[in-house]
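Undergrad: Model the following, please.
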Amino acid sequence: MVPHVEEQPRRGSANEAAPAQPISGGQDGSGDGSPAATPPTTDHAPDTTQAAATEPAPAKAKRAPVASNAAAHALRLLHRARGTEAPQPSATAPDAPLALVIGGGISGLVAARELAASGHRVQLHEAGPVFGGCVGAHEVAGLVLDAGAESFATRSTAVADLLRELGLGDDIVTPEPGGAWLYLRRGGENVAQPLPATGILGIPGDPWADEVRRAVGRTGALRAAADLITPVSKKILEGEMSLGALVRSRMGSAVLENLVTPVVSGVHSADPDTLDVDAIAPGLRASVLKHGSLARAVAAMRAAAPAGSAVASLSGGMNRLTSALVADLKAAGVQLHANSQVAGIAPPAAGTGFRIELAPQAAADASKDARHEKESRHERHGRLAKEAAAEAGQPRELVADRLVVATGGETAVDLLCGIDAAFASHRPAPGAGISLVTLVIDKPELDDAPRGTGLLVAPTVDDVGAKALTHATAKWHWLGDESGPGSHVLRLSYGRLNDVASALVNADDASLRNAALKDASVLLGIEVTAGDLLGFDVVRYSGALPFATTGHARRVAAIRELASAHPGLDVVGAWLAGTGLASVVADTRKRLRITAS
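TA: Sure thing, here's the model as predicted:
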C-alpha cells in the first residue's frame, strides 16, 4: 500500500495555545514570501509543557471573509465577452467521463476545478484528514494564523487570477514596507542589517551599494564589482549550471555566502550549489549574456518585474484560498474524500482508462474516531496501516477515464510505477524537512518593528539555530489589527544548512519552543522569555520543499514524456512545477487546460 499525503503537517502546541486542530479546508504550496519564506512551502507529538506563566489572550472575534462575488461575476462576464473566460466549475451529467485526482493539496484542488469545468465527473482522494497541503490554518492564542504558506509571488498573475475567480480579489493585500533584514557574520561577529533592496535571490543589482559593502566587506564588494567589467562568454548558456556556480564565477564567494545563501536557504531550504539556475531563476543566464554582467542582468529583471511588492497574501491569511477552493468544488458537485488512501493504480483489464485501488474503507472510517483526534500524523498512519492489514475485505476499486497524480514526488513515482515501471528511475530525492515555530507574545517593545518584517539567517552564524524569522504582525497590517497593540506574532523556521542547526528540525516541541525564544531574542535584539508567551505552536513538514537540483528541467521533461505515453494521465505538483504557490497554480492550470477535454 502506498500512502499519499500531500505534505500534511503534524502539530504540537503549548497549553496556552488553543489545540492546533486544522481549520476545515485548511492547509502545498509552500511559501513564496521572504523573509521567512516558509511553506512554506512548505511538515508531532503533542507538547504538554507549560510554556508561560502569563494568562492567554482572550480569543479574538473572527471577521467574516469579505468576498466580492458580484465583482467576480462581472469579471467573468467581461472575460466571456472578450473570449478569455477562465473555466468555471459546473454541474456535470451523471454519464460524463470520470476523472480521479490523487492528492488534496493546492495542485490537486486546482486540477479538480479545471476538470470539473471541462465537464468531467470528478473525485478527489486525499489520504490525510484535511485538504490544502501546506496551505492551512492553526489557532494560537485566539488568533487564526497560516500554518504553512503565508504569501504568494506576484511575478505572475496566476494566483491573483485564481483568487479573483473565487471572489477573493478584493482581499488581496501586500506586506508593510519595513523590508527584510539579514543576520550574518561580518568581521568576526554576528550582525543584523537590512537586506539589499536591488537584488534577486540575494544577487545584488548594484555590487557597490552601501548595504552590499556592509554585508560582504570592501574586498568582497570589489570582487563583486569585477562582474561589471569581466566579459561574458556564450558558453554561459551551455550545459546545466547551479545558481551557486553562476554567482561564484561572476561575483565571488562573499556575495554567495553572505547574500545569496541566506535568501535561497530561507526560500528553498537548499544550498545554492545544488539548485538549477534555470529552474530557480528562469531567463537569468540569457540575461547575463545579453547585458554583459550578472549585476546588470539582475537590475534589468528587477526593472521589468511588475510594479509593487514581490509578494502578496490575503487579509485573514492564505488559508482562505483552501477554504474557498473546497467550497467551490463542493458547489460544482466534485466528490471530495479525505482520509482516503490510494493503495495503487494500474491499467484496466481491458479498454482505456485507469484502475485505482483504494485502501479498505475501515481504515478511513477509523481515522474519524474521536478517540484518536490528537494523534500525530505518523502515529495515525501507523494505526490505520495495522487496521487496514487486519481488514478481511479486499481494497475497493474504481475505473477512471482521467487520472491526475498530485502528490509529493516520492509517492507519485511509487504510484505511477503501477502503470509504467519506467517511472522508477525518476524517483526524486526527499525534500528538506522544516519545523515552523509560531510564538504569540506580549511585547510592546516590538511595536516599532526594529528588524523590519523579519530576518534571513546566514548559515555561517553560530549563535542562532533558525534559518529565518517572520515578524508577522509587522508584515501584515490585518494581523497587527487583529492582535492589537503590544501583542506580536513571530514565526521561526528551522531546517538550516549546517549540521548543528539542522538537528533542531527534529527536536521535540518544548526544545523548539525554547530555541525559538532564544533565537528571537538574538535576532530582534530584544529579550523574549517564556513569561512573554501567550501561546505557541509547532508545525512540521516532512519533505515539504522539493529541490530543483541541477538538471531539473531535463528531469521534468522526461517524466512528462513518460506520462504522455498514457492518454488521460497528468502528473502535477511542486516537485515538478517548483516551490511556491505561483509556480504550482500556474503549472497545474496550464497542464490541465491543455489536456482537460
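
Undergrad: Tell me which helix or strand comes right after the lowest-mean-pLDDT helix or strand in the chain.
TA: Least confident helix or strand of the chain, by mean pLDDT, DSSP states H and E, is helix 69-82 with a mean of 45. As assigned by DSSP states H and E, the chain's next helix or strand after helix 69-82 is strand 98-102.

Undergrad: Can you name the element that comes right after that following strand?
TA: Next helix or strand after strand 98-102 toward the C-terminus (DSSP H and E): helix 106-117.

Undergrad: I'd like the mean pLDDT over the helix or strand just after that following helix, please.
TA: Following helix 106-117 in sequence order, the next helix or strand is strand 121-125 (DSSP H and E). Averaging pLDDT along strand 121-125 yields 97.

Undergrad: Name all residues that make contact with residue 436.
TA: 38-39, 147-148, 491-494, 538-541 (C-beta atoms under 8 Å, 6 or more residues apart in numbering). Where C-beta positions appear, they are placed from N, C-alpha and C, glycine not excepted.

Undergrad: Show me how this structure divides into domains.
TA: As given by automatic domain parsing, the domain ranges for the chain are 72-132+321-429+548-595, 197-304.

Undergrad: and the helix or strand containing residue 469, how far out from the chain's middle?
TA: Secondary structure from DSSP H and E places residue 469 in strand 468-471. Mean-position distance between strand 468-471 and its chain equals 15 Å (C-alpha atoms, centre = their mean, to the nearest Å).

Undergrad: Of all the domains of the chain, which one is nearest residue 471?
TA: Closest to residue 471 of these is domain 197-304 (C-beta to C-beta; 14.0 Å).

Undergrad: Figure out the length between the terminal residues of that closest one.
TA: 15 Å (C-alpha to C-alpha, to the nearest Å).

Undergrad: From residue 424, how far off is residue 570?
TA: 19 Å (C-beta to C-beta, to the nearest Å).

Undergrad: One more: residue 97?
TA: 29 Å.

Undergrad: So between those two, which is more surrounded?
TA: residue 97 (17 against 11; other C-beta atoms under 10 Å).

Undergrad: quick one: contacts for that one?
TA: 119-121, 401-402.

Undergrad: do that again at 7 Å, thanks
TA: By C-beta atoms under 7 Å, 6 or more residues apart in numbering, the contact set of residue 97 is 120-121, 401-402.

Undergrad: any weak-confidence spans in this protein?
TA: Where the chain drops to pLDDT under 70, the residues are 1-93, 307-308, 361-395, 431-432, 497-501, 543-547, 595-597.

Undergrad: Partner strands of the strand ranked longest in it, with direction?
TA: Counting by DSSP state E, the longest strand found in the chain is strand 533-545. The strands that strand 533-545 pairs with in its sheet are strand 10-13 (antiparallel), strand 432-442 (antiparallel) (by DSSP bridges).

Undergrad: chain center to it, what's the gap?
TA: Using C-alpha atoms, centre = their mean, the offset of strand 533-545 from its chain centre is 13 Å.

Undergrad: show me where the stretch 451-597 of the chain has strands.
TA: Secondary structure of the stretch 451-597 of the chain (DSSP state E, counting those that start in this stretch): strands located at 454-457, 468-471, 487-494, 533-545, 569-571.

Undergrad: So the residue of the chain most remote from its centre: helix, strand or coil?
TA: Distance from the C-alpha centroid of the chain, by C-alpha atoms, centre = their mean, peaks at residue 350 (39.8 Å). Three-state assignment for residue 350 (DSSP: H, G, I helix; E, B strand; the rest coil): coil.

Undergrad: re earlier: paired strands for the strand holding residue 469, with orientation please.
TA: Assessed with DSSP bridges, strand 468-471 is paired to strand 454-457 (antiparallel), strand 487-494 (antiparallel).

Undergrad: Could you save these as a markdown table and add columns showing distance to residue 201 and mean neighbour count?
TA: Below are the strands paired with strand 468-471 laid out as a markdown table (distance: least, C-beta to C-beta, whole Å; neighbours: other C-beta atoms under 10 Å):
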| stretch | distance to residue 201 | mean neighbour count |
| --- | --- | --- |
| strand 454-457 | 11 | 32 |
| strand 487-494 | 17 | 27 |
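
Undergrad: quick one, which of those strands is nearest to residue 513?
TA: Going by C-beta to C-beta, the one of the strands paired with strand 468-471 nearest residue 513 is strand 487-494, 10.0 Å.

Undergrad: Distance to residue 187 for the domains of the chain - can I get that in CSV?
TA: Formatted as CSV, the domains of the chain follow (distance: least, C-beta to C-beta, whole Å):
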stretch, distance to residue 187
domain 72-132+321-429+548-595, 33
domain 197-304, 7
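
Undergrad: For residue 469, find the nearest of those.
TA: domain 197-304 (9.7 Å).

Undergrad: Tell me how far the closest one lies from the chain's centre.
TA: That offset, for domain 197-304, works out to 24 Å (C-alpha atoms, centre = their mean).

Undergrad: do stretch 428-440 as well
TA: 10 Å.

Undergrad: In that stretch, which of the residues would be classed as buried?
TA: Buried residues in stretch 428-440, counted by 16 or more other C-beta atoms under 10 Å: 428, 431-440.

Undergrad: Just flag the most distant two among those.
TA: Longest span within those, C-beta to C-beta: 428 and 440, 35.8 Å.

Undergrad: Are we agreed that residue 430 is in a strand?
TA: No - for residue 430, which was evaluated using three-state DSSP, the result is coil, with no strand membership.

Undergrad: can you tell me how far it sits from residue 406?
TA: 18 Å.

Undergrad: now do residue 274
TA: 25 Å.

Undergrad: Out of the two, name the residue with the larger neighbour count.
TA: residue 406 (30 against 16).

Undergrad: hang on, that one packs against residue 103?
TA: Yes - Residue 406 is within contact range of residue 103, at 3.7 Å (criterion: C-beta atoms under 7 Å).

Undergrad: Out of the domains of the chain, which gets nearest to residue 483?
TA: Short answer: domain 72-132+321-429+548-595, nearest of the domains of the chain by C-beta to C-beta, at 21.1 Å.

Undergrad: Could you tell me how far the closest one lies from the centre of the chain?
TA: Worked out by C-alpha atoms, centre = their mean, domain 72-132+321-429+548-595 lies 18 Å from the chain centre.

Undergrad: ok, now stretch 505-521?
TA: Distance, centroid of stretch 505-521 to centroid of chain: 22 Å (C-alpha atoms, centre = their mean).

Undergrad: can you check stretch 127-134 too?
TA: 13 Å.

Undergrad: Start at 18, not 1
TA: Sure thing, new numbering starts at 18, so read that last one as stretch 144-151.

Undergrad: For it, what is the spacing between the initial and final residues?
TA: Note: stretch 144-151 ends 14 Å apart using C-alpha to C-alpha.

Undergrad: circling back to that earlier point, mind checking the domains of the chain for the one nearest to residue 483?
TA: That would be domain 214-321 among these, by C-beta to C-beta, at 9.8 Å.

Undergrad: and residue 579, how far is that from residue 438?
TA: 10 Å.

Undergrad: my bad, residue 569
TA: From residue 569 to residue 438 the distance is 23 Å (C-beta to C-beta).
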